[in-house]
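Trainee: okay, predicted coordinates and the sequence, questions at the end:
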2 protein chains.
Amino acid sequence: MTQMSEAIKGNITPQMEAVAEYERMEVNKILHGLANGTIVIPKNINRDTNTCGIGAGLTTKVNANIGSSSKIEDLDLELKKAKLAVEYGADTVMDLSTGPKLNEFRKSILNEIDVPLGTVPIYEAGVHTLNNNKEIIDMDKDLFFKVIESQAKEGVDYMTLHCGITKEIIPKIQNQKRKMGVVSRGGTFLASWILHNECENPLYENYDYLLEIAYEYDITLSLGDGLRPGCLHDASDIPQIQELITLGGLVKRAQEEKVQVMVEGPGHIPLNQIKANMEVQKTLCHGAPFYVLGPIPTDIAPGYDHITSAIGGAIAASNGADFLCYVTPAEHLSLPSLEDVKEGVIATKIAAEVADVSLGLEKAWEKENEMSQARRDFDWDKQFEIALDSSKPRVYKDKCKIDDNEMCAMCGEYCAVKIAKDDF
Amino acid sequence: MTQMSEAIKGNITPQMEAVAEYERMEVNKILHGLANGTIVIPKNINRDTNTCGIGAGLTTKVNANIGSSSKIEDLDLELKKAKLAVEYGADTVMDLSTGPKLNEFRKSILNEIDVPLGTVPIYEAGVHTLNNNKEIIDMDKDLFFKVIESQAKEGVDYMTLHCGITKEIIPKIQNQKRKMGVVSRGGTFLASWILHNECENPLYENYDYLLEIAYEYDITLSLGDGLRPGCLHDASDIPQIQELITLGGLVKRAQEEKVQVMVEGPGHIPLNQIKANMEVQKTLCHGAPFYVLGPIPTDIAPGYDHITSAIGGAIAASNGADFLCYVTPAEHLSLPSLEDVKEGVIATKIAAEVADVSLGLEKAWEKENEMSQARRDFDWDKQFEIALDSSKPRVYKDKCKIDDNEMCAMCGEYCAVKIAKDDF
């Protein structure tokens, strides 16, 4: 059974109940969304996690990526990052480890955090291949599925799978003469593999088998955007949209098999193209939830990509994106530190709240109005309690050492709120 | 003479030439924009500054607010903030000092920085009043104009003047039952003064006199939005829009007298209302440049208002705002530190670039494409040179200590760009 198959039968699961309660919606709306594929609840049957619904009409969800790289592998630190991300409000975590001990780490993170966990199984296949002194293009076809199945058994809740990079699309990428080529790691592995082996993408060729595994464990497929643009110039080009068309077909096949599925999206996109990207995904992909990385609407602010991404994410989520992957200040430069993870989560939570307010969601507006009341009342503790991060604003306020509670160091006795309070 | 009067006569000034060169536009377009009031060049006849054009078709400009408060007055530090803001790309600076030594500070900042300087003269009038043991509501009418004239003589390039808060609008604010009342400092001074003295706003009543002073020194008027919303709930309400209608009438009178004029805007606005706010300002205010503070599309992230403001600013500027006032992480909490000023400027420069790219401006796209090429080439020095902040990304990169230049610690040898480089 999957959450989707139960929904189609009209059976309300405890997960649907939990999502309905969290979102303050009638459970029948959740059931209906699951049944028609516009909502997913990533939850492996072998894992007991907090329930998180993603999709149409629900609050915007936030994912944090953590994991080792081949250059830096500190499992304790990565686990700390995952926990910190959840503490600051990440709804899900993805383990993108590519360090040699990635299997060990995945098992520990599955035990230690209680939000849905996502992975990109091809990383394990790639690392395994390189560890055996072979090159990525020599990756064994069977290994793809072996890895997917073993991770499914372990309890991984959702998986990024780059099923849309086909043999047919390869020359289109080459003809496009992109400035940044292919920037998705999994996408590059597959594109290079297809090109050099002159074979079809195994994940595309054996998609039915993939659906069987996904159905068995109720894995939510997250169809990867291997050809997402890597810079503004490459945005919304033929390879990107062609892959999205393919993904749309694969969404339909997954939904027909009652497998939960969402679609991943760009990437680097100029602000004026974000809305169109969201709308095209919704039409081509049959309303499946859209999971976007960024988008980043400028490339000239390395070190501040959490901010650029918050801009893009807010616009994306207010125009149809359901699920935002965070971007940290370390993006394009290094693995993030603990502080970077915190900054990345908060920036993305801001984008999610901005979108949810814009869409008129009751939960979001309630917090906004509580904050306004707390400000009018000069109730600083309440303000910090509502704040996405309580500690940082408290530090600012405490540094001022002002005895009058009804002002801050910015305006002092010229505080407009204080002066106008009784009159307006 | 003013830049506008010269433009109407068809005379090209050195300032118009400088703006045209910076913007890579034909000087006749600048002249035309000045003549029809859609472009301003804030520059007091008594001051020699860098030239900065603000308005339709030009790159989005960024302002940084600095200045003492009654609680913290460290003139050296404020001067350092102003210089740091300019170093990181602020196009103008406003001195919002309300500390007792505000006159001394303004004189020094006028000498020490070379970008246009703006002020809010009513602060000086307010501080003078309180220093004489009187209350704001006892402010002397004549003092308003005395202060404006003396600051004009000193060389202030543009002034925020809350001319749109009229006697007629006061009951409308009270009837509105706003959650946050009036949150503009200057707006509160005037609203309270009007309410308690039962007199008309002197800046409105004697607007012709104001225009005479502005014409004499070529002060660019920045008509203040004293009734901007202080929280999302109050956005786009009757007092806000009613004041904007009044400001639109005052814009017309200024333009008729060949006085340069722009209009200030909100504030706290839900994302879905930002575009409408920009469009309504353009129609009501005869195309005058729009100078916005934020807007901030969520209130629940104190300590991170530079990020929320970057979201709102990017949307505003891509929909008609011409000039973005920065917001620092200290907003709503305290006076900003040097680090806060830097963060605020960079976040706002990001918003400006995102908007300029979105609007298709050649200057903005050139930087984007250069960055992509530098990334593809693994030319890290070039990347840092183009970056809005060179130092922060360099620290990330240097921390990694990776000998292979063609990768970073995030992906190591699994770098997609490296793998795909030759094939795609």
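Mentor: The structure has been received and is ready for your questions.
Trainee: doesn't A:I45 fall inside a helix?
Mentor: No: A:I45: not assigned to a helix; according to DSSP: H, G, I helix; E, B strand; the rest coil it is coil.
Trainee: what about it, how many neighbours?
Mentor: For A:I45, the neighbour count with other CB atoms under 10 Å in any protein chain shown is 15. Placement of C-beta: from N, CA and C, glycine included.
Trainee: how about it: what's its closest non-neighbour residue?
Mentor: Once flanking residues are discounted, A:I45 sits nearest to A:D218: 5.0 Å by CB to CB, 6 or more residues apart in numbering or on different chains.
Trainee: that neighbour and A:T2 touch, don't they?
Mentor: Yes: judged on CB atoms under 8 Å, A:D218 makes contact with A:T2 at a distance of 4.3 Å.
Trainee: find the residues that touch each one of the two.
Mentor: Counting by CB atoms under 8 Å, 6 or more residues apart in numbering or on different chains, the common neighbours of A:D218 and A:T2 are A:Q260.
Trainee: chain B contacts on the stretch 51-200 of chain A?
Mentor: Taking CB under 8 Å from any CB of the partner chain as the criterion, the stretch 51-200 of chain A approaches chain B at residues A:69-72, A:98, A:123, A:126, A:130, A:136, A:173-174, A:178-185, A:187-189, A:191-192, A:195.
Trainee: mind giving me the PyMOL select for those residues, buried ones only?
Mentor: Listed next is the PyMOL selection for buried residues among these, using 16 or more other CB atoms under 10 Å in any protein chain shown:
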select buried, chain A and resi 69+70+71+72+98+123+126+130+136+173+178+179+180+181+182+183+184+185+187+188+189+191+192+195
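Trainee: okay, and which of the residues of the stretch 51-200 of chain A next to chain B map to helices?
Mentor: Within those, residues falling in helices by DSSP state H are A:123, A:126, A:130, A:173-174, A:185, A:187-189, A:191-192, A:195.
Trainee: tell me which of those has the lowest pLDDT.
Mentor: For these, the minimum pLDDT belongs to A:L130; the value there is 89.
Trainee: now that residue: how far from B:I245?
Mentor: 67 Å (CB to CB, to the nearest Å).
Trainee: please apply the same query to A:G187.
Mentor: From A:G187 over to B:I245 (counting by CB to CB), the distance is 53 Å.
Trainee: next: A:P202.
Mentor: A:P202 is 65 Å from B:I245, by CB to CB.
Trainee: out of these two, which sits in the busier spot?
Mentor: Between A:P202 and B:I245, A:P202 has the larger neighbour count (other CB under 10 Å), namely 22 against 13.
Trainee: before we move on, back to that, include distance to A:Q151 when you put the ones in helices among the residues of the stretch 51-200 of chain A next to chain B into TSV, please.
Mentor: Formatted as TSV, these follow (distance: CB to CB, whole Å):
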residue	distance to A:Q151
A:Y123	10
A:G126	14
A:L130	18
A:I173	28
A:Q174	32
A:R185	17
A:G187	19
A:T188	20
A:F189	16
A:A191	22
A:S192	22
A:L195	26
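Trainee: just give me the closest of the residues you listed to chain B.
Mentor: Among these, A:T188 lies closest to chain B (CB to the nearest CB), at 4.0 Å.
Trainee: skipping adjacent residues, who's closest to the residue in the stretch 1-150 of chain A that chain B sits nearest to in space?
Mentor: Taking CB to the nearest CB, chain B has its nearest neighbour within the stretch 1-150 of chain A at A:S70, 3.5 Å off. Nearest non-adjacent residue to A:S70, counting by CB to CB, 6+ apart: B:G412, 3.5 Å away.
Trainee: contacts only, for that neighbour.
Mentor: When the contact criterion is CB under 8 Å, 6+ apart, the partners of B:G412 are A:69-71, A:98, B:402.
Trainee: one more: A:Y291?
Mentor: Contacts for A:Y291 (CB under 8 Å, 6+ apart) come out as A:54, A:63, A:222, A:262-265, A:321-325.
Trainee: C-terminal to the longest helix along chain A, what's the next element?
Mentor: For chain A, the longest helix by residue count, based on DSSP H, is helix A:338-358. Tracing the chain past helix A:338-358, the next element assigned as helix or strand by DSSP states H and E is helix A:362-376.
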